[in-house]
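> Predicted model and sequence below, questions to follow.
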Amino acid sequence: MGSFLRPALLPFVAGLAALIFLLAVRRFADVPDKARHHWLLLFGVVIVPGVALALGLGMGLEYMKRPQFCGSCHVMGPFIADLQNPDSSTLAAVHYQNRYIREHQCYTCHADYGLFGPLRAKLAGVRHLLNYETGNYEIPIRIREPYHETNCLHCHGEAKVFRDKHEDMLEQLISGDMSCLDCHRPAHAAQQARR
Amino acid sequence: MRSSRLLRLAIGAMVVPLVLMLIACVVPSPRTLGLFLGPGMGAAAISLVAFLLYVLRDLRGRGAL
């Protein structure tokens, strides 16, 4: 919680202030109408809570990008353990331990790029949460659809060392006829079969 | 629904996301954040609609609409 508390401090203070303000303007529902009450109600019920909720929403969406968040569901435990295992040679562990991706490692690879990529990732996150809470999943968990190679190419595609080594297969990678994982597997460690 | 009831509904519904947000700030987890971003934001939307109806009724009562 410690590392989280600092980014959550502003939304927390704003939320607390908005709640106190909201409860303070509550009494205007029971007293005769006055013009200045309207402004207080507008600020107390809509604007101040709206600003606080926007801060909270930003905080929540930011927190959801962290590997700690992904790892807070126990089914993700083996994946997070593998990321941090110094003996692991999986693609995810190599990227994580060499800091090829500095932060939001799960999200960076598993959210598609493009206009709707983040939105699709958020919707997938909601589905994951519902499936997890209702127990509607099977072990070993599997990726829902084939991994999009364009996510790898977003970082690697323009690198000289990549271009030099992959020039003859670049079109196949872009078209999806060939997967990065055909040569660079496994992406993650194998999972234990337990719920 | 009387205007004051709409206002109470708007206030009551706005309390929900704020409380859930405070909980999510203190104890961040998929469950608390899911409650805040799901039912919490839904309650915020209800609050906004109720407040909008309250304003429209008020304006209509004054003959401004």
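Nice, thanks for sending it over.
> from here on, contacts and neighbour counts on C-alpha atoms
Will do.
> Just the buried positions in stretch B:53-65, please.
Using 16 or more other Cα atoms under 10 Å in any protein chain shown as the test for burial, stretch B:53-65 gives B:Leu53, B:Tyr54, B:Val55, B:Arg57, B:Asp58.
> Read off the pLDDT value for A:Pro49.
If you check A:Pro49, the pLDDT there is 96.
> and it, how many neighbours does it have?
Other residues near A:Pro49 come to 25 when the count uses other Cα atoms under 10 Å in any protein chain shown.
> what's the answer for A:Arg66, then?
A:Arg66 - counted by other Cα under 10 Å - has 16 other residues nearby.
> Identify the residue nearest it in space, chain neighbours excluded?
In this structure, A:Arg66 finds its nearest non-sequential neighbour in A:His104, 4.8 Å apart by Cα to Cα, 6 or more residues apart in numbering or on different chains.
> residues contacting the closest residue to A:Gly176 other than its chain neighbours?
Using Cα to Cα, 6+ apart and skipping residues adjacent in sequence, the residue nearest A:Gly176 is A:Glu149, 6.8 Å away. Counting by Cα atoms under 8 Å, 6 or more residues apart in numbering or on different chains, A:Glu149 makes contact with A:Leu173, A:Ile174, A:Gly176, A:Ser179, A:Cys180.
> Just to check, A:Leu19 is in contact with A:Pro49?
Yes: contact between A:Leu19 and A:Pro49 holds when scored by Cα atoms under 8 Å: they sit 7.3 Å apart.
> quick one: B:Val27 from A:Val75, how far?
Between B:Val27 and A:Val75 the computed distance is 20 Å (Cα to Cα, to the nearest Å).
> before we move on, what about B:Gly34?
17 Å.
> now A:Ser179
Remark: distance between A:Ser179 and A:Val75 (Cα to Cα) = 26 Å.
> wait, does the lengthiest helix in chain B make contact with chain A?
Looking across chain B with DSSP state H, the single longest helix is helix B:3-26. Yes: using Cα under 8 Å from any Cα of the partner chain, helix B:3-26 reaches chain A at B:4, B:7-8, B:10-11, B:14-15, B:17-19, B:21-22, B:25-26.
> Residue numbers of chain A in contact with chain B?
A:1, A:4-5, A:8-9, A:11-12, A:15-16, A:18-19, A:22-23, A:26, A:29-30, A:45-46, A:49, A:52-53, A:56-57, A:60, A:69, A:72-73, A:126, A:129.
> again, only using 7 Å
Proximity of chain A to chain B (Cα under 7 Å from any Cα of the partner chain) is limited to residues A:8, A:12, A:15, A:19, A:22, A:26, A:29, A:45-46, A:56, A:60, A:69, A:72, A:129.
> So which of those sit within helices?
Per DSSP H, these map to helices at A:Ala8, A:Phe12, A:Gly15, A:Leu19, A:Leu22, A:Gly56, A:Gly60, A:Phe69, A:Leu129.
> quick one on the thing from earlier: can you redo the contacts of A:Glu149 as JSON lines, where the extra columns are pLDDT, secondary structure and neighbour count?
Below are the contacts of A:Glu149 laid out as JSON lines (pLDDT from 0 to 100; DSSP: H, G, I helix; E, B strand; the rest coil; neighbours: other Cα atoms under 10 Å in any protein chain shown):
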{"residue": "A:Leu173", "pLDDT": "85", "secondary structure": "helix", "neighbour count": "19"}
{"residue": "A:Ile174", "pLDDT": "82", "secondary structure": "helix", "neighbour count": "15"}
{"residue": "A:Gly176", "pLDDT": "81", "secondary structure": "coil", "neighbour count": "15"}
{"residue": "A:Ser179", "pLDDT": "89", "secondary structure": "coil", "neighbour count": "20"}
{"residue": "A:Cys180", "pLDDT": "91", "secondary structure": "helix", "neighbour count": "16"}
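> check which helix or strand covers residue 41.
Since no chain was named, I'll use chain A. Counting by DSSP states H and E, the element that carries A:Leu41 is helix A:35-41.
> think we crossed wires, I meant chain B
helix B:41-61.
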